[in-house]
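*Asks:* The sequence isn't on hand, but the structure is:
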């Protein structure tokens with residue numbers, strides 16, 4: 001049962017790491033800011049079966065051996081990350097010398113050698129502070145970490161009588177606690193220096209169960225490689241970003257105030273100039289700068305130049321009675337009968353030109369007025385039909401004007417589908433509703 005627990009623990013740690021990283025929210029930043037949040041690291045250093053935090057060691061003379069490790073890290077916020085570590089190496093010690101206080105170790109064992117076959121842990125990493133709080137991207141930081149995991153090891157002990165004993169495939173829980181410093185060497189590479197104390201849930205790491213739970217330390221140096229593009233979130237300072245944004249807003253407000261003051265001064269100058277331009281000394285309604293006849297008496301009616309206006313004699317307008325004959329109406333009727341447009345457009349087909357030419361000649365000859373009313377069926381939207389009917393009426397007007405008719409005597413109006421003369425339920429009825437009506441007067 002115990003071995004099954006330790007074999008499933010790596011899967012559980014990986015699931016916890018991936019799930020937490022996926023659910024964590026990124027810090028609020030500018031939409032244009034992108035961050036590198038994933039990184040991997042490799043390191044090497046010194047493994048020691050001792051803890052600087054105190055406690056009695058089972059062996060009085062511990063040795064320093066080489067250890068090496070790697071990790072993958074997800075930066076959740078600029079201050080917090082999750083880090084999965086793997087570590088290997090050897091731990092050694094003996095009783096060749098007394099303890100530092102002079103006490104001789106009376107252990108039945110003379111030495112031990114422990115092979116850390118694999119150690120895996122998941123830790124929370126907290127950036128305690130960035131060294132430059134007023135720069136958005138820093139070059140160095142201090143951090144602390146703590147987590148949990150497991151270690152698998154094999155220990156060989158030697159007694160004072162040179163009898164060796166080996167404990168194989170031992171699995172124990174471990175709690176790593178550490179501190180470190182990180183230095184940004186380039187946009188994507190960091191120097192990582194750290195020290196971790198690992199607390200083992202057991203007392204046989206060195207093969208001698210005597211002084212309570214065993215501990216081992218790992219001091220290391222390594223390189224961390226940030227993945228992706230953008231700035232490293234771990235070296236980003238939201239405090240500095242907020243400070244910079246506040247300074248930018250203050251500078252912008254100052255610039256806006258300067259622009260506003262300049263605009264107020266310009267407005268005052270324009271008002272003074274406008275007052276000079278509008279000055280009217282004689283009160284005739286024409287400004288002095290444009291008045292060609294200054295000092296006109298009060299009440300004098302003047303023209304646009306400020307000079308007295310001579311009232312013309314009223315003209316007698318003789319009205320001419322307009323008479324529309326049956327022959328005139330037939331010309332219009334023929335034009336309506338032969339009028340055709342391109343489908344769905346306001347382009348007049350050439351077939352309609354001869355009869356429209358006769359209408360234009362009639363308007364020129366008798367100086368008639370003409371009202372053109374465009375209509376459509378109910379096919380399509382009301383907006384489209386209204387525009388099409390108006391465009392077709394305007395197209396006929398433009399054609400007649402091009403043939404010499406007086407544009408001021410032709411009125412073109414579009415009514416869309418609002419005035420049907422037949423039902424829109426049949427094709428024949430819709431055909432009748434698609435029309436342009438000509439009214440002579």
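*Replies:* Arrived safely. Every value quoted in this text rests on a predicted model; they were computed, and no experiment measured them. Numbering: from 1, shown residues only.
*Asks:* longest helix in this structure, by residue count?
*Replies:* The longest helix of the chain (DSSP state H) is helix 238-278.
*Asks:* so where's this structure uncertain?
*Replies:* 1-33, 55, 130-136, 239-245, 311-321 (pLDDT under 70).
*Asks:* Following the chain past the longest helix of the chain, name the next helix or strand.
*Replies:* Next along the chain after helix 238-278, taking DSSP states H and E as the criterion, comes helix 326-337.
*Asks:* quick one: contacts of that next one?
*Replies:* For helix 326-337, contacts defined as C-beta atoms under 8 Å, 6 or more residues apart in numbering pick out 352, 355-356, 358-359, 362, 366, 368, 435-438, 440. Every residue, glycine included, has its C-beta placed from N, CA and C.
*Asks:* for that helix, which positions count as buried?
*Replies:* 328, 331-332, 335 (16 or more other C-beta atoms under 10 Å).
*Asks:* Stretch 180-190 now?
*Replies:* For stretch 180-190, the buried set under the neighbour-count rule, 16+ other C-beta under 10 Å, comprises 180, 182-184, 188, 190.
*Asks:* Keep only those of those that are in strands.
*Replies:* The strands, defined by DSSP state E, take in 180, 182-184, 190 from these.
*Asks:* From the chain's centroid, how far away is the longest helix of the chain?
*Replies:* 29 Å (C-alpha atoms, centre = their mean, to the nearest Å).
*Asks:* Same check on stretch 267-283?
*Replies:* Relative to its parent chain, stretch 267-283 has a centroid offset of 50 Å by C-alpha atoms, centre = their mean.
*Asks:* how about it: buried residues?
*Replies:* Using 16+ other C-beta under 10 Å as the burial criterion, the residues of stretch 267-283 that qualify are residue 282.
*Asks:* what's the answer for stretch 395-409, then?
*Replies:* 395-397, 399-401, 405.
*Asks:* okay, the residues you listed in JSON lines with secondary structure next?
*Replies:* Formatted as JSON lines, these follow (DSSP: H, G, I helix; E, B strand; the rest coil):
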{"residue": "395", "secondary structure": "helix"}
{"residue": "396", "secondary structure": "helix"}
{"residue": "397", "secondary structure": "helix"}
{"residue": "399", "secondary structure": "helix"}
{"residue": "400", "secondary structure": "helix"}
{"residue": "401", "secondary structure": "helix"}
{"residue": "405", "secondary structure": "coil"}
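*Asks:* for those residues, which one is nearest residue 297?
*Replies:* residue 401 (47.7 Å; C-beta to C-beta).
*Asks:* Can you name the residues that contact the closest one?
*Replies:* Counted by C-beta under 8 Å, 6+ apart, residue 401 has contacts 407, 410.
*Asks:* what about the helices in the chain?
*Replies:* Going by DSSP H, the chain shows helices at 2-23, 238-278, 326-337, 353-366, 382-402, 427-433.
*Asks:* Name the stretch among those helices that sits most buried.
*Replies:* Stretch with highest mean neighbour count among these: helix 382-402 (a mean of 18; mean count of other C-beta atoms under 10 Å).
*Asks:* between it and helix 353-366, how many degrees?
*Replies:* 60 degrees (axes from the mean of the first three to the mean of the last three C-alpha atoms, to 10 degrees).
*Asks:* Quick one: distance of helix 382-402 to the chain centre.
*Replies:* Computed by C-alpha atoms, centre = their mean, the chain-centroid distance of helix 382-402 equals 47 Å.
*Asks:* okay, the angle between that helix and helix 326-337?
*Replies:* 130 degrees.
*Asks:* okay but residue 180 is in contact with residue 140, surely?
*Replies:* No - counting by C-beta atoms under 8 Å, residue 180 sits too far from residue 140 to count as a contact (11.3 Å).
*Asks:* Quick check: end-to-end length of stretch 362-378?
*Replies:* 33 Å (C-alpha to C-alpha, to the nearest Å).
*Asks:* Can you point out the buried residues in it?
*Replies:* Under 16+ other C-beta under 10 Å, the buried positions of stretch 362-378 are 362-363, 368, 370, 372-378.
*Asks:* hmm, back to that, from the contact counts, what lies against the longest helix of the chain?
*Replies:* Using 3 or more C-beta pairs under 8 Å, 6 or more residues apart in numbering; DSSP states H and E, no helix or strand is in contact with helix 238-278.
*Asks:* between the helices of the chain, which gets nearest to residue 80?
*Replies:* Comparing the helices of the chain by C-beta to C-beta, helix 2-23 comes nearest, at 10.5 Å.
*Asks:* Quickly note the distance from the closest residue to residue 89 other than its chain neighbours to residue 327.
*Replies:* In this structure, residue 89 finds its nearest non-sequential neighbour in residue 67, 3.1 Å apart by C-beta to C-beta, 6 or more residues apart in numbering. Here the criterion is C-beta to C-beta, to the nearest Å. By it, residue 67 lies 116 Å from residue 327.
*Asks:* cool, and residue 348?
*Replies:* Counting by C-beta to C-beta, the gap from residue 348 to residue 327 is 24 Å.
*Asks:* ditto for residue 353
*Replies:* To residue 327, residue 353 is 20 Å away according to C-beta to C-beta.
*Asks:* residues contacting the residue nearest to residue 89?
*Replies:* Here residue 67 is in contact with 44-47, 87-90, 116, 218, 220 (C-beta under 8 Å, 6+ apart).
*Asks:* please redo it, this time with the cut-off set to 10 Å
*Replies:* Counting by C-beta atoms under 10 Å, 6 or more residues apart in numbering, residue 67 touches 43-48, 87-91, 116, 119, 216-220.
*Asks:* now residue 379
*Replies:* Going by C-beta under 10 Å, 6+ apart, the list of residues near residue 379 reads 344, 385, 417, 424, 430, 433-434.
*Asks:* which of the residues you listed sit farthest apart?
*Replies:* For those, the farthest-apart pair by C-beta to C-beta is 344 and 424; their separation is 16.5 Å.
*Asks:* Looking at those two, which has the bigger crowd around it?
*Replies:* residue 424 (15 against 10; other C-beta atoms under 10 Å).
*Asks:* Run a quick check on that one versus residue 430, I expect a contact.
*Replies:* Yes - with contact defined as C-beta atoms under 10 Å, residue 424 reaches residue 430; the gap is 5.4 Å.
*Asks:* Quick check: neighbours shared by the two?
*Replies:* With C-beta under 10 Å, 6+ apart, residue 424 and residue 430 have common neighbours 376-379, 417.
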